[in-house]
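> below are the sequence and a predicted model; questions follow.
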Amino acid sequence: MNWNVFIFYLIGYSITVITIFIILLIMGLNENIHITNLAGLFKLNPFLSFIFIISMLNLSGIPPLFGFYTKLYLFNELLLNGYFFIVIVSI
């Protein structure tokens, strides 16, 4: 297995998850964080809201974003090595 693909996937998703947690920490500085606080994030801070949306879409693997390419490279590498069942279950 090509370890470069795994490192690429690991770094990409680590950066995305760290970004999401930093945004949640910034939101929770003034008050206790709750899922309902995300409803008014765009009114309070549009830039932070935009970064949060992009990070969540990246985490889900929407095609023009980085998360899609990490999944694509990982699935391609798994298919080349014969791990068909893992790819089918993951998709």
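Received it, and whenever you're ready, just let me know what you need. Residues are numbered from 1 along each chain as shown.

> CA atoms for contacts and neighbours, from now on please.
Noted.

> by contact count, what packs against the helix or strand of the chain with the lowest mean pLDDT?
One helix or strand of the chain scores below all others by mean pLDDT, DSSP states H and E: helix 41-44, with a mean of 80. On a contact count with 3 or more C-alpha pairs under 8 Å, 6 or more residues apart in numbering; DSSP states H and E, helix 41-44 meets helix 46-60.

> and the helix or strand following the helix it packs on, what's its mean pLDDT?
Next in sequence after helix 46-60, counting helices and strands by DSSP states H and E, comes helix 66-80. Predicted confidence along helix 66-80 averages 89 (mean pLDDT).

> off-centre distance for helix 66-80?
14 Å (C-alpha atoms, centre = their mean, to the nearest Å).

> distance-wise, check the closest residue to P63 other than its chain neighbours relative to I35.
Distances taken as C-alpha to C-alpha, 6 or more residues apart in numbering place Y69 nearest to P63, at 7.4 Å, with adjacent residues excluded. For Y69, the distance to I35 equals 29 Å [C-alpha to C-alpha, to the nearest Å].

> between those two, who's got more neighbours?
For Y69 and I35, the more surrounded residue by other C-alpha atoms under 10 Å is Y69, and the numbers stand at 18 against 7.

> and the contacts of the helix of greatest length in the chain?
Counting by DSSP state H, the longest helix found in the chain is helix 3-27. Residues outside helix 3-27 that contact it (C-alpha atoms under 8 Å, 6 or more residues apart in numbering) are 33, 48, 52, 55-56, 58-59, 66-67, 70-71, 73-74, 77.

> with distance to I22 added, can I get those residues in TSV?
Conversion of these to TSV gives the following (distance: C-alpha to C-alpha, whole Å):
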residue	distance to I22
I33	12
L48	10
F52	10
S55	11
M56	13
N58	16
L59	15
F66	19
G67	18
T70	22
K71	23
Y73	27
L74	26
E77	31
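
> which of the residues you listed are buried?
Listed as buried from these are 48, 52, 55-56, 58-59, 66-67, 70-71, 73-74, 77; burial here means 16 or more other C-alpha atoms under 10 Å.

> same list (the residues you listed) but as TSV, adding distance to Y83.
Compiled in TSV, the buried ones among the contacts of helix 3-27 are given as follows (distance: C-alpha to C-alpha, whole Å):
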residue	distance to Y83
L48	39
F52	33
S55	29
M56	28
N58	24
L59	23
F66	23
G67	21
T70	17
K71	14
Y73	14
L74	11
E77	9
